[in-house]
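**Student:** Give me coordinates for this.
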Amino acid sequence: MKFTKLATVSALTLALAGTSIAPAMASEIETINTNIQENEEVNIGSNHEEYFGSDSWKWVRTLLASYTNQPLVNGEFKNSFQVGSSKYDIRYNIANRGSNTFNWKIYKPNGYIWSSGTLYPGESKTYTAFWDLDDIPVGEYKISITTTNGGSGAFDFAVRSLN
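**Tutor:** Down below sits the predicted model:
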């Protein structure tokens, strides 16, 4: 009987104060979602950890290579990056920041083309290679970017392992 009165008084107090538990929880969830989005957009470190719901499930993105507004010298750029495991998805983004169209190629460690394409000025593409569906061998990958007319250019490129 005392518990019923206490519960009634507590509910009445919350109602009179104009608050309830549900809006507080919704506001808290909205704040968490906003913080996760802001952290994703701002974080440029080599390792990025995010926790969803429980500490037992963790998703880590490891940055393998990153170039921002990288100029093309004589219309060309070549470099490499290392993939250390074939058990994780790989996500990469490439953007044409210059005024000339360019072709790009990513070569697997065995020298065969893994992925390629053409980007027009201002265009960008994001790709994901899935470890269980795609061939992702461990080793050194090479990237080659060449303008179609040999002219100047610039690009952004980032590749991540989604552990």
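**Student:** could you pull out the helices for this structure?
**Tutor:** 2-17, 21-42 (DSSP state H).
**Student:** between these, which gets the lowest average pLDDT?
**Tutor:** When those are compared on average pLDDT, helix 21-42 comes out lowest at a mean of 41.
**Student:** any weak-confidence spans in this protein?
**Tutor:** Along the chain, segments meeting pLDDT under 70 span 1-61.
**Student:** quick one: the strands in it?
**Tutor:** With strands called from DSSP state E, the chain shows them at 47-51, 58-72, 76-83, 89-96, 102-107, 113-119, 124-129, 139-147, 153-162.
**Student:** okay if I get those as a markdown table plus mean neighbour count?
**Tutor:** In short, each C-beta sits where N, CA and C put it, glycine included. Output for those, formatted as a markdown table (neighbours: other C-beta atoms under 10 Å):
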| stretch | mean neighbour count |
| --- | --- |
| strand 47-51 | 12 |
| strand 58-72 | 15 |
| strand 76-83 | 15 |
| strand 89-96 | 20 |
| strand 102-107 | 19 |
| strand 113-119 | 15 |
| strand 124-129 | 14 |
| strand 139-147 | 18 |
| strand 153-162 | 20 |
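**Student:** Domain parsing of the protein, as residue ranges.
**Tutor:** For the chain, automatic domain parsing gives the domain ranges 2-42, 58-162.
**Student:** hang on, Leu64 packs against Asn79?
**Tutor:** No. Counting by C-beta atoms under 8 Å, Leu64 stays clear of Asn79, with 11.5 Å between them.
**Student:** Residues contacting stretch 78-87, please?
**Tutor:** Stretch 78-87 is contacted from outside by 64-65, 67, 90, 131, 136-145, 159, 161, 163, using C-beta atoms under 8 Å, 6 or more residues apart in numbering.
**Student:** Okay then, goodbye and thanks.
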